[in-house]
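Participant: Please find the sequence and the predicted model below.
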Amino acid sequence: MLVDSDALAVRAMKKQNPPPLPHWPEGPVKSRDKPALVGGFPWAETALNAQPLDSNQPLVRTQPQRIPSILSPLPETVVEDPFSWPALKLRFQAIVRSSPAWTVSLAVHILLLLILTLFVVHQQKPERLRLDMAFSLTPGEPAIEEGVQIIPTEEPSDMTEVVETELPPVAEPIAAPPTVAVVEESGVTAAAAPAIAIGSALNGREVGQKKALLGAFGGGEATEVSVAMALQWLAKQQQPDGLWNLQGPYENGGSQENRLAATAMALLAFQGAGNTTTTGAHRTVVARGWKSLLAKQEREGNFIAGSIPLHHSLYSHAQATIALCEIYGMSQDESFAQPALQSLAFALAAQGPNGAWRYEPGKDGDMSVTGWFLMALKTAQMAGMKVPQSSFDAVERFLDSVALDKGSRYGYRRDNANRPPGPTTTAISAEGLLCREYLGWAQNDPRLLEGVELLMAEKPFDYENDKDVYAWYYITQVTHHLQGSAWDRWNAQLREVLPSKQVMNGREKGSWDPSLDKWGPHGGRLFVTCMCTFMLEVYYRHMPIYAAP
């Protein structure tokens, strides 16, 4: 084997004088001179500070030198001030270098989370408002019960006038018109009393008469289908105990619960279509409802069907009285005689000194509550019960006290004889004119004719832009009794609009959506549905007051 002598010589020289290994300069090593070892390995410092190897010494595995802890002595330049920035920086560097990579990542993420916790996003929690189902509260008036006081939005032609009253002005709906019947009883009762041309007011609800009256007064198949769907929806809402609720379980319930009012409205809707406890497609529903409601009647004649707002108490009693006198007059069932008399007696005793009713028995009343009670008294009269004429006379005096424009419009109440009554709204004026019709104003009375024209101009049947089923409920009754051109014009809209706006599918099929209605948020879906049903039953619910018997 041939050997290159020159190459052997070079190898020998390299063994004797090996090239120096790279090493870091003596003294503290600056961080910028070191490799980037964020969270590096424990032996990194040892490798950086290692001395050059002696090629003549055997390799011996030694224990690597650990990085000094945070408590280890610092260079003399910073020992004098251990809390100076250089000292703290060196300690931090020592910690970073001595820790595994995952610990640094964990520390960074924890730091980010702590920073994020300092940022607070303020989100306003929506309040659950408690609204008054049927009353417009006067600005500045203290709330009668705990909760949020709601002040209605002022509108040009509705709740705009404000008067000084000790309680809220203007209230709402929740019932239906009167009826006729025959009944006997001792005490406050007597034989049938005259009541304008309403001796046969309930006869139109009978199966054999509906079709003829629908044709005569402008109803038809569309209105009857709509009523049938509404009653189906109401039947599904009856609770296991036989009563109804204002707050659900359907969608868009009322802001406050009032089971007495809800039950009275539902029963009035069924009875308006001719259902009693023994006749009609919904007789079972009606029977269950009355069995439960009569169980809630007190000895004094009032009803206690759960807790209700103080403002609603007499409103609800008036509605229950209307329904009770109706079922008595329609069925002539003697089991309803005594409850009807007791309910009527309570109503008469609650009439205030000014001839009206309000929120508490025996106190001066207002137009809103009085309208319901006059309908209750007239319904009792239709059912054959004797009602003192003095009660009707007192109501008429009250109407005179709140009349405006010679009686074509009406205010809510009058607190000061030197000031006009108010506020004046379409619904309140319609209620006042309906009372005048029942109390004997002539069909051609100029005040009545002028008032009706004002009502239709102020509150047209504009379902999209000015929805107000409560006001329409009263206008429908006033114009139906009046008949003529006013009724034809009003009914042309009524029979077309209401059926077209009824919910036609889904869980709430047969009801009307309370959204955007003036009083929809207060009374809820059941209230709005009952009001619409009452209007579509108007063709046969009562014969027009001025029609021949």
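Facilitator: Alright, I've got the coordinates. Numbering: from 1, shown residues only.

Participant: Would you confirm that Glu537 contacts Ala273?
Facilitator: Yes. Between Glu537 and Ala273 there is a contact at 5.9 Å, judged by CB atoms under 8 Å. No exception for glycine: its C-beta is placed from N, CA and C like everyone else's.

Participant: Settle it for me: which of the two has more neighbours?
Facilitator: Between Glu537 and Ala273, Glu537 has the larger neighbour count (other CB atoms under 10 Å), namely 29 against 21.

Participant: wait, what's in contact with the more buried one?
Facilitator: Residues near Glu537 by CB atoms under 8 Å, 6 or more residues apart in numbering: 227, 269, 272-273.

Participant: Please apply the same query to Trp441.
Facilitator: So Trp441 contacts 447-448 (CB under 8 Å, 6+ apart).

Participant: So what does it look like in phi/psi?
Facilitator: Phi and psi for Trp441, reported as degrees, to the nearest 10, are phi -60, psi 140.

Participant: low-scoring stretches of the chain, by residue?
Facilitator: Filtered on pLDDT under 70, the chain yields the residue ranges 1-83, 96, 99, 104, 117, 119-203, 548-549.

Participant: report the longest strand in it, please.
Facilitator: The longest strand of the chain (DSSP state E) is strand 409-413.

Participant: for that one, packing partners?
Facilitator: If contacts are counted by 3 or more CB pairs under 8 Å, 6 or more residues apart in numbering; DSSP states H and E, strand 409-413 sits against helix 367-382, helix 389-402, strand 403-404, strand 422-424, helix 426-438.

Participant: How much space separates Met535 from Val497?
Facilitator: Counting by CB to CB, to the nearest Å, the gap from Met535 to Val497 is 10 Å.

Participant: For Gly272, which non-adjacent residue is spatially closest?
Facilitator: Glu537 (4.1 Å; CB to CB, 6 or more residues apart in numbering).

Participant: related to what we said a few turns ago, alpha carbons of the longest strand of the chain, as CSV, please.
Facilitator: Provided in CSV are the C-alpha atoms of strand 409-413 (Å, rounded to 0.1, in the frame of the first residue of the first chain):
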residue,chain,number,x,y,z
ARG,A,409,-117.8,63.9,22.3
TYR,A,410,-116.9,62.8,25.9
GLY,A,411,-114.1,63.2,28.4
TYR,A,412,-112.8,60.7,30.8
ARG,A,413,-113.9,62.5,33.9
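
Participant: partner strands of that strand, parallel or antiparallel?
Facilitator: Sheet pairing here is set by DSSP bridges, and for strand 409-413 it gives strand 403-404 (antiparallel), strand 422-424 (antiparallel).

Participant: what angle sits between the longest helix belonging to the chain and helix 367-382?
Facilitator: For the chain, the longest helix by residue count, based on DSSP state H, is helix 312-331. Angle between the axes of helix 312-331 and helix 367-382 is 20 degrees (criterion: axes from the mean of the first three to the mean of the last three CA atoms, to 10 degrees).

Participant: Against which helices or strands is helix 312-331 packed?
Facilitator: By 3+ CB pairs under 8 Å, 6+ apart, helix 312-331 packs against helix 259-272, helix 283-294, helix 337-350, helix 367-382.

Participant: what's the angle between the shortest one and helix 259-272?
Facilitator: Right, helix 283-294. Per the same axes, to 10 degrees, the angle that helix 283-294 makes with helix 259-272 is 150 degrees.

Participant: And helix 283-294, what's buried?
Facilitator: By 16 or more other CB atoms under 10 Å, the buried positions in helix 283-294 come out as 285-286, 288-290, 292-293.

Participant: what packs against it?
Facilitator: With contacts taken as 3+ CB pairs under 8 Å, 6+ apart, helix 283-294 sits against helix 259-272, helix 312-331.

Participant: Try it again at 6 Å.
Facilitator: Where contact means 3 or more CB pairs under 6 Å, 6 or more residues apart in numbering; DSSP states H and E, helix 283-294 is packed against helix 259-272.

Participant: What of the last one?
Facilitator: Taking 3+ CB pairs under 6 Å, 6+ apart as contact, the helices and strands that helix 367-382 lies on are helix 312-331, helix 337-350, helix 426-438.

Participant: what's the closest of those to Phe217?
Facilitator: Of all the helices and strands packed on helix 367-382, helix 426-438 sits nearest to Phe217, with 16.0 Å by CB to CB.

Participant: what inclination does the helix or strand just after that closest one have with respect to strand 409-413?
Facilitator: Sequence-wise, the next helix or strand downstream of helix 426-438 (DSSP states H and E) is helix 446-458. When the same axes, to 10 degrees is applied, the directions of helix 446-458 and strand 409-413 differ by 80 degrees.

Participant: mind listing what's buried in helix 446-458?
Facilitator: Those buried within helix 446-458 under the rule 16+ other CB under 10 Å are 447-452, 454-456, 458.

Participant: Trp490 contacts His481, doesn't it?
Facilitator: No. Contact criterion CB atoms under 6 Å: Trp490 and His481 do not qualify, at 11.6 Å.

Participant: more neighbours, those two?
Facilitator: His481 (26 against 23).

Participant: where's that one, which helix or strand?
Facilitator: Counting by DSSP H and E, His481 is found in helix 469-482.

Participant: Could you figure out how far that helix is turned away from helix 446-458?
Facilitator: Computed by the same axes, to 10 degrees, the angle between helix 469-482 and helix 446-458 is 140 degrees.

Participant: got CSV for the helices and strands packed on helix 367-382, with distance to Glu360 too?
Facilitator: CSV is the format used below for those (distance: least, CB to CB, whole Å):
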stretch, distance to Glu360
helix 312-331, 7
helix 337-350, 8
helix 426-438, 20
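
Participant: Between the ones you listed, which one is closest to Gly208.
Facilitator: Nearest of those to Gly208, taken as CB to CB: helix 312-331 at 14.5 Å.

Participant: Pull out the CA atoms of that closest one and give them to me as CSV.
Facilitator: Extracted in CSV, the C-alpha atoms of helix 312-331 (Å, rounded to 0.1, in the frame of the first residue of the first chain):
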residue,chain,number,x,y,z
HIS,A,312,-108.9,46.0,37.3
SER,A,313,-111.2,44.9,40.1
LEU,A,314,-114.4,46.7,39.1
TYR,A,315,-113.7,46.4,35.4
SER,A,316,-113.5,42.7,35.8
HIS,A,317,-116.7,42.5,37.9
ALA,A,318,-118.6,44.4,35.2
GLN,A,319,-117.4,42.0,32.6
ALA,A,320,-118.4,39.0,34.7
THR,A,321,-121.8,40.5,35.4
ILE,A,322,-122.4,41.0,31.7
ALA,A,323,-121.5,37.4,30.9
LEU,A,324,-123.5,36.0,33.9
CYS,A,325,-126.6,37.9,32.9
GLU,A,326,-126.2,36.9,29.3
ILE,A,327,-126.0,33.1,30.1
TYR,A,328,-129.0,33.5,32.4
GLY,A,329,-131.0,35.3,29.8
MET,A,330,-130.0,32.9,27.0
SER,A,331,-130.5,29.6,28.9
